[in-house]
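[1] with the input below, show me the fold.
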Amino acid sequence: MAGGLMPPPSMILAQLPANGGLGCSVHGFVRTTDGTITTFDPKNSQGVWPLRVNKKGAIIGYYEDANFNIYGFFRKPSGKVISLDKQGIKFADGINNRGDICGSLQDHQAFFRTSDGIVTEIDPPGAVSSGASAINDDETLSGAFKDAAGHYHGFIRAADGNMTSFDVPDSTDTYSSDMNASGTIVGSYADAAGAFHGYIRDSAGIFTEFQFSNDQTITEVDALHINDKGYVAGHFRNPANQQFIAFERKPTGKMIYLLTDTYSPTAFGINNHDVIVGGVWGTDNAVQGYFRTP
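    Below you'll find the predicted structure:
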């Protein structure tokens, strides 16, 4: 299943077994524009989930060992895979073009790791747990945290350490998935009825909310990735049959639904060429990766 893109559209992906979950053999791979596929696995892993790749070809994600422990990893452009276990990193979720990484630690707090390996724990005010999901080249981070009441809020951490929390208007929980070079954030939020919608927050703090056309029965939206031009990729889930519906949202607000003739397509990444990657689920739970050009 495809997980992320770099320009030109080389892909990072995770090869999934039939059941596609933790506790089973899963391998990472890179597919370049000429179709060459290179597999990789962190040492002593039984499953690996690549999440992001930067312009230099560095890849981050997480893996599971034989004892079901989860650790972050960093794969250099040379192909060397480095476990981040000794630094207490559980999930490596974001990487910039400098090689700085963000995510969450084993103690459930967000972190920032510089390209030379220095780790700083991030503790948003009022947080009992937190995770950083994206980092820009200027070292601005975005993510989400949980408060003592169990509700989630988005946050932004500037390079100087200044923190700003945010919530989509009328939301009960706000989650941050990605941030582009201009500081525009994309994610999902829950309303009072428990339905999930997508949102875009620009650098001025203005929110734009969206959902699946006007179909009120589609109540789960995962807005996962935004490119520097403002195109968003993600998927909806139909609670009636638990199938996914992959989408691309253009900066104009127009929604494009992808691979509508396939079973339960997902979209996990979009690059600045508007190439989208994701996976298509089969009725037997087998998964195939794909990439879609504009």
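[2] what distance separates the opening and closing residues of stretch 250-266?
    Across stretch 250-266, the terminal residues are separated by 17 Å (C-alpha to C-alpha, to the nearest Å).
[3] what's the weakest-modelled helix or strand in this structure?
    Among the helices and strands of the chain, strand 2-6 carries the lowest confidence by mean pLDDT, DSSP states H and E, at a mean of 48.
[4] state the distance from residue 82 to residue 39.
    Separation of residue 82 from residue 39 (C-beta to C-beta, to the nearest Å) stands at 17 Å. C-beta coordinates here come from the backbone N, C-alpha and C atoms, glycine included.
[5] so which elements touch the host helix or strand of residue 155?
    With secondary structure defined by DSSP states H and E, residue 155 is part of strand 152-157. The elements that strand 152-157 packs onto, with contact taken as 3 or more C-beta pairs under 8 Å, 6 or more residues apart in numbering; DSSP states H and E, are strand 141-146, strand 163-166, strand 173-179, strand 185-190.
[6] the host helix or strand of residue 74: how far from the chain's middle?
    For residue 74, the host element (DSSP H and E) is strand 70-75. The offset between the C-alpha centroid of strand 70-75 and the centroid of the whole chain comes to 15 Å, using C-alpha atoms, centre = their mean, to the nearest Å.
[7] give the buried residues for that strand.
    By neighbour count on 16 or more other C-beta atoms under 10 Å, the buried set for strand 70-75 is 70-75.
[8] for the stretch 1-150 of the chain, give me the ranges with low pLDDT.
    Per-residue confidence for the stretch 1-150 of the chain (pLDDT under 70) gives these ranges: 1-25.
[9] related to what we said a few turns ago, more crowded one of residue 82 and residue 39?
    Neighbours were counted for residue 82 and for residue 39 using other C-beta atoms under 10 Å; residue 82 has more, 16 against 11.
[10] the more buried one touches residue 75, doesn't it?
    Yes: taking contact to mean C-beta atoms under 8 Å, the distance of 7.5 Å between residue 82 and residue 75 places them in contact.
[11] which other residues reach stretch 68-75?
    Stretch 68-75 is contacted from outside by 22-23, 28, 40, 42, 48, 50, 58-65, 81-85, 89-92, 95, 101, 103, using C-beta atoms under 8 Å, 6 or more residues apart in numbering.
[12] going by neighbour count, which of those residues are buried?
    Buried by 16+ other C-beta under 10 Å: 28, 40, 42, 48, 50, 58-65, 81-85, 89-92, 95, 101, 103, out of the contacts of stretch 68-75.
[13] alright, that wraps it up for me.
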